[in-house]
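Participant: Need a 3D model of the sequence below.
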Amino acid sequence: METVSYRSVLVVTKARVREAEDLGATIARWLRARHYCQEVNVIPSEQGSSLYDDAELDLIIVLGGDGTILGVARHVMCRKIPMVCINFGRVGFLSDIEPENWEEGLKSMLASTEYRSAAGLRWALLRYGHHVAGGYAVNDVVLSRSAMARLVYANIYTDGELMGAVRADGFLLSSAIGSSGYSVSANGPLLFPTLNAIAFVPICPFLNTIPSMVFPTHTLFRFHLLPGTTESYLTVDGQEGHMVQTNDIIEVEGIPDCARFLGKGLSFIQRLRTRSFILQNPVNNPALKTQGQKTE
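Facilitator: From the prediction side, this is the model:
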């Protein structure tokens with residue numbers, strides 16, 4: 001099997017997990033010994049590092065759960081650097097390799113020239129016309145009330161057109177790859193991960209005035225917080241938060257090809273089944289085996 005040689009590989013291990021750190025060091029030695037790359041570095045996920053900005057970086061191997069993978073992906077958003085993910089999390093929806101099968105899995109992935117591209121989100125928080133914060137999300141952007149606050153009340157616009165003024169516990173915008181997270185838990189749609197689409201999910205809307213919907217990736221959403229909204233939060237990928245207030249404007253739009261994963265990986269149905277999103281042991285129907293066969 002022909003292998004692909006990389007210039008610079010970064011191995012990122014889940015913070016404060018000894019097993020991930022040990023395996024990361026083992027993988028680095030393994031890569032060097034087999035000449036898969038010219039240079040390899042190992043860092044813990046909590047460490048901000050200039051290595052993410054290395055112009056020569058052309059592969060990242062992540063040993064962690066979905067949260068670790070999201071954090072790494074946000075470091076290199078839109079740079080088209082492929083990632084290989086080894087599961088050290090509880091769910092591991094974004095991972096393709098289990099730790100006990102790391103060598104076989106890496107050999108297969110590193111021999112591949114295929115990659116899976118995932119769309120993401122770009123967001124901005126505006127206050128009285130000034131840019132307060134902004135950045136990228138791989139999974140989702142969530143606008144929600146605090147525990148004791150009233151409902152979030154906002155005018156919602158899509159591509160400049162007013163959808164309406166809506167009261168809800170919150171609003172969630174999810175990328176396709178992120179739709180298996182908070183979105184599906186909030187009764188949002190489960191999207192095929194390579195779709196260029198955004199899921200818009202109202203969280204417990206008042207009087208069920210608006211359903212969940214799916215929009216094209218290029219759609220620009222704008223939420224204008226109306227009087228009556230108090231103590232609300234903007235949360236990005238569950239890892240970054242900002243308090244928002246009346247008259248703030250939150251803009252979110254999709255961006256294609258923001259994250260890449262090396263190799264063919266598990267199929268969508270395999271991923272759903274092995275991560276317990278759908279039935280793990282479907283019953284085979286013997287009658288289906290005879291369908292399409294000619295009768296004598």
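
Participant: buried sites along stretch 207-217?
Facilitator: Going by neighbour count (16 or more other CB atoms under 10 Å), the buried part of stretch 207-217 is 210, 212, 214-215, 217. The C-beta positions use only the backbone N, C-alpha and C, and glycine is treated the same way.

Participant: Tell me the span between the first and last residue of it.
Facilitator: End-to-end distance for stretch 207-217, by CA to CA, to the nearest Å: 28 Å.

Participant: Tell me how far Ala259 lies from Phe268.
Facilitator: Distance from Ala259 to Phe268, counting by CB to CB, to the nearest Å: 16 Å.

Participant: So between the two, which is more surrounded?
Facilitator: Shown here are Ala259 and Phe268; by other CB atoms under 10 Å, Ala259 has more neighbours (29 against 14).

Participant: quick one, what contacts that one?
Facilitator: Shown in contact with Ala259 (CB atoms under 8 Å, 6 or more residues apart in numbering): 73, 77, 83, 117-118, 120, 138, 177.

Participant: Return the helix or strand in the chain with minimum mean pLDDT.
Facilitator: helix 286-290 (a mean of 53; mean pLDDT, DSSP states H and E).

Participant: Residue ranges of each domain in this protein, please.
Facilitator: 6-114+263-275, 120-256 (the TED database).

Participant: got the end-to-end distance for the last one?
Facilitator: Spelled out, it's domain 120-256. 6 Å.

Participant: Could you list which of the contacts of Ala259 belong to helices?
Facilitator: Using DSSP state H, the members of those that fall in helices are Ala73.

Participant: Which among the contacts of Ala259 count as buried?
Facilitator: 73, 77, 83, 117-118, 120, 138, 177.

Participant: any chance of the residues you listed in a markdown table, with distance to Ser108 and pLDDT too?
Facilitator: Listed next are the buried ones among the contacts of Ala259 as a markdown table, based on distance: CB to CB, whole Å; pLDDT from 0 to 100:
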| residue | distance to Ser108 | pLDDT |
| --- | --- | --- |
| Ala73 | 21 | 92 |
| Met77 | 26 | 90 |
| Met83 | 15 | 97 |
| Ser117 | 19 | 92 |
| Ala118 | 20 | 91 |
| Gly120 | 26 | 95 |
| Val138 | 24 | 93 |
| Ile177 | 21 | 90 |
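
Participant: Would you tell me which one of those residues comes nearest to Met243?
Facilitator: Nearest to Met243 out of the buried ones among the contacts of Ala259 is Val138 (CB to CB; 22.4 Å).

Participant: wait, doesn't that closest one sit right on Ala176?
Facilitator: No: look at Val138 against Ala176 with CB atoms under 8 Å: they stay out of range, at 10.7 Å.

Participant: where do the helices sit along the stretch 51-200 of the chain?
Facilitator: 66-75, 102-110, 184-185 (DSSP state H, counting those that start in this stretch).

Participant: contact partners of the last one?
Facilitator: Same thing as helix 184-185. By CB under 8 Å, 6+ apart, the list of residues contacting helix 184-185 reads 190, 277.

Participant: again, but for the first one
Facilitator: Applying CB under 8 Å, 6+ apart, the contact partners of helix 66-75 are 12, 14-15, 45, 52, 60, 62, 64, 83, 85, 88-89, 91-95, 120, 135-139, 181, 237-239, 258-259.

Participant: can you rerun that using 6 Å?
Facilitator: With CB atoms under 6 Å, 6 or more residues apart in numbering as the test, helix 66-75 has contacts from 12, 14, 45, 52, 62, 85, 89, 93-94, 136, 138-139, 237, 259.

Participant: Pull out the buried positions in that helix.
Facilitator: Here helix 66-75 shows 66-75 as buried, counting by 16+ other CB under 10 Å.

Participant: Kindly report the same for stretch 83-103.
Facilitator: 83-89, 92-97, 102.
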